[in-house]
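Peer 1: quick one, what's the 3D model for this:
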Amino acid sequence: MSVDHAAPRRPVVQRCPNCSAKYDVGIYVSGQKVRCRRCGIKFEVVRTDTQVGAVTPIRRPEGTQAGGAAGAGAGAEPAGAAGAAAGAGPEGRAPRPATKSVRIAQNDIPEGTVLGGYRVGTVLGRGAMGTVYRAVQLSLDRSVAVKVMSADLVSQPEFILRFRREAAALAALAHPNVVSIIDQGSVDEHWFFVMEYVDGPTLRRLMSKRSLTLAQAIDLATQIGRGLDYAHGRGVVHRDLKPENVLLAGDGGTGLLAKICDFGLADILYSDRSYVNLTGSRISMGTVNYMAPEQRQDAGRVDQRADVFSYGVLLYEMFTGELPLGRYENPSKKNRFLDRKIDPLILAALEPDARRRPPRVKELVDTLETLSR
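Peer 2: Numbering: from 1, shown residues only. Here you go, the predicted model:
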């Protein structure tokens, strides 16, 4: 007599939309939310599999992603992949899945190499645009961060022209909440930026520990907004604002000082439409979650309102612990300790239509400052 044995269940794999960690979601149903054990965010299970063992696709819009160019501290952390609130809104639809993969630059320079007066040390992080090293400025014997641009980028004459043209504008940004660019140069085939070294974690790391109090969140969000508004006032758009691109340092007391890194580097990459082939694997410069809808359509032609959208996503996540994916509730409904005054401002920043979005983040920053007081 033969006995039929049921075949063991094959896993249905879905990646965390933020850190790309793999999870077997075969025991869940679509729409159910689970918390990522690696980065701490909650994400929605998407069961589109038609057969056992199928891989559940990541919910994100059409376009590729790439690890963000890390700034001066902890370096580039794993890039996310899910579709953001972009264009979804409280009544919107979830974005379509994308399938293209990330490509990370590999620029390995031996420790001890001297690049234009800077002795290269250990790798701090890698991103799509290049590799960040801790280094020592020999003339002043101080720690700095050196970002060496990816070899395939610097092989393009158009990119070099843009790199040179934008360096001075980026170096002119001087604000306590923006990582300063100290220098730029080239040695042989290596083109690099030199930035202040921030000895602290990224905002992502702090958020992943789920130890961020509401008071801290409001304080850090206010600082980030100040830095963003300052840069916008000088015509510089970030285009890749996310927790991985905010570094945290001690403020000399018991608080934290937020510093936005990689300001303007995405602009160097995207400002010329001739880069369309070159940048195909780099859209969205890191995480689609934080990208404005219009930026997904044409990354080279966006203004500061794209940063306003990213700032809105960042605030929603900081205050609620979740990304505004698909149909999302007002922040104060997710966090009962949050003042409802902030709801309409965050929702306005998340407006899918850029024309209906605030042109600057100043009103949000003013309200946050009022709340902090």
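
Peer 1: burial count for the nearest residue to Gln32 once chain neighbours are set aside?
Peer 2: Here the nearest residue to Gln32 in space, its sequence neighbours aside, is Val45; by C-beta to C-beta, 6 or more residues apart in numbering that works out to 4.8 Å. (Each C-beta comes from the backbone N, C-alpha and C, glycine too.) A count of nearby residues for Val45, using other C-beta atoms under 10 Å, gives 19.

Peer 1: so what's Ile160 up against?
Peer 2: Residues touching Ile160, when contacts are defined by C-beta atoms under 8 Å, 6 or more residues apart in numbering, comprise Val154, Trp191.

Peer 1: downstream of the least confident helix or strand in the chain by mean pLDDT, the next helix or strand is which one?
Peer 2: The helix or strand with the lowest mean pLDDT-type score in the chain, counting by mean pLDDT, DSSP states H and E, is helix 265-270 (a mean of 58). Using DSSP states H and E, the helix or strand that directly follows helix 265-270 along the chain is helix 293-297.

Peer 1: and that following helix, what does it pack onto?
Peer 2: Packing partners of helix 293-297 (3 or more C-beta pairs under 8 Å, 6 or more residues apart in numbering; DSSP states H and E): helix 304-320.

Peer 1: after the helix it packs on comes which helix or strand?
Peer 2: Read in the C-terminal direction, the helix or strand following helix 304-320 is helix 331-334, with elements assigned using DSSP H and E.

Peer 1: which residues are contacting the next helix or strand after that following helix?
Peer 2: Along the chain past helix 331-334, the next helix or strand (assigned with DSSP H and E) turns out to be helix 343-349. Outside of helix 343-349, the residues within contact range by C-beta under 8 Å, 6+ apart are 89-90, 308-309, 311-312, 315-316, 319, 330-332, 356-358, 361, 363-364, 367.

Peer 1: those residues, buried ones only, as a PyMOL selection?
Peer 2: Per 16 or more other C-beta atoms under 10 Å, the buried members of the contacts of helix 343-349 correspond to this PyMOL selection:
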select buried, resi 89+308+309+311+312+315+316+319+330+331+332+357+358+361+364+367
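
Peer 1: quick one: the helices in the chain, in order.
Peer 2: Secondary structure of the chain (DSSP state H): helices at 151-154, 157-171, 203-208, 214-233, 265-270, 293-297, 304-320, 331-334, 343-349, 362-372.

Peer 1: quickly, which of those helices bottoms out on average pLDDT?
Peer 2: Mean pLDDT is lowest for helix 265-270 among the helices of the chain, at a mean of 58.

Peer 1: confidence score at Tyr328?
Peer 2: 93.

Peer 1: mind checking how far it is from Gly121?
Peer 2: 42 Å (C-beta to C-beta, to the nearest Å).

Peer 1: swap in Pro344?
Peer 2: Distance from Pro344 to Gly121, counting by C-beta to C-beta: 47 Å.

Peer 1: who has more neighbours out of the two?
Peer 2: For Pro344 versus Gly121, the count of surrounding residues by other C-beta under 10 Å is larger for Gly121: 18 against 11.

Peer 1: I figured that one hits Glu111, correct?
Peer 2: Yes - using C-beta atoms under 8 Å, Gly121 is in contact with Glu111, at 5.7 Å.

Peer 1: not counting stretch 251-260 itself, show me its contacts.
Peer 2: Judged by C-beta under 8 Å, 6+ apart, the contacts made with stretch 251-260 from elsewhere in the structure are 71-73, 176-179, 198, 200, 203, 216, 219-220, 223-224, 227-228, 231, 238, 241, 245-250.

Peer 1: buried subset of those?
Peer 2: The buried subset of the contacts of stretch 251-260 - by 16+ other C-beta under 10 Å - is 71-73, 177-179, 198, 200, 203, 219-220, 223-224, 227-228, 231, 238, 241, 245-249.

Peer 1: what's near enough to touch Val365?
Peer 2: Val365 is in contact with Thr222, Gly225, Arg226, Asp229, counting by C-beta under 8 Å, 6+ apart.

Peer 1: cool, Ile342 as well?
Peer 2: Ile342 makes contact with Leu315, Phe319, Pro331, Ser332, Leu364, Thr367, Leu368, Leu371, according to C-beta under 8 Å, 6+ apart.

Peer 1: need the max-distance pair from the residues you listed.
Peer 2: Spatially, the most separated pair among the contacts of Ile342 is Ser332 and Leu364, at 14.7 Å (C-beta to C-beta).

Peer 1: columns distance to Leu257 on top of the helices of the chain, output as JSON lines?
Peer 2: Output for the helices of the chain, formatted as JSON lines (distance: least, C-beta to C-beta, whole Å):
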{"stretch": "helix 151-154", "distance to Leu257": "31"}
{"stretch": "helix 157-171", "distance to Leu257": "20"}
{"stretch": "helix 203-208", "distance to Leu257": "12"}
{"stretch": "helix 214-233", "distance to Leu257": "7"}
{"stretch": "helix 265-270", "distance to Leu257": "21"}
{"stretch": "helix 293-297", "distance to Leu257": "28"}
{"stretch": "helix 304-320", "distance to Leu257": "16"}
{"stretch": "helix 331-334", "distance to Leu257": "24"}
{"stretch": "helix 343-349", "distance to Leu257": "23"}
{"stretch": "helix 362-372", "distance to Leu257": "15"}
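
Peer 1: any stretches of this protein with poor pLDDT?
Peer 2: Low-confidence segments of the chain (pLDDT under 70): 1-10, 27-31, 40, 47-107, 128, 166, 252-254, 264-287, 299-300.

Peer 1: sweet, I'm off.
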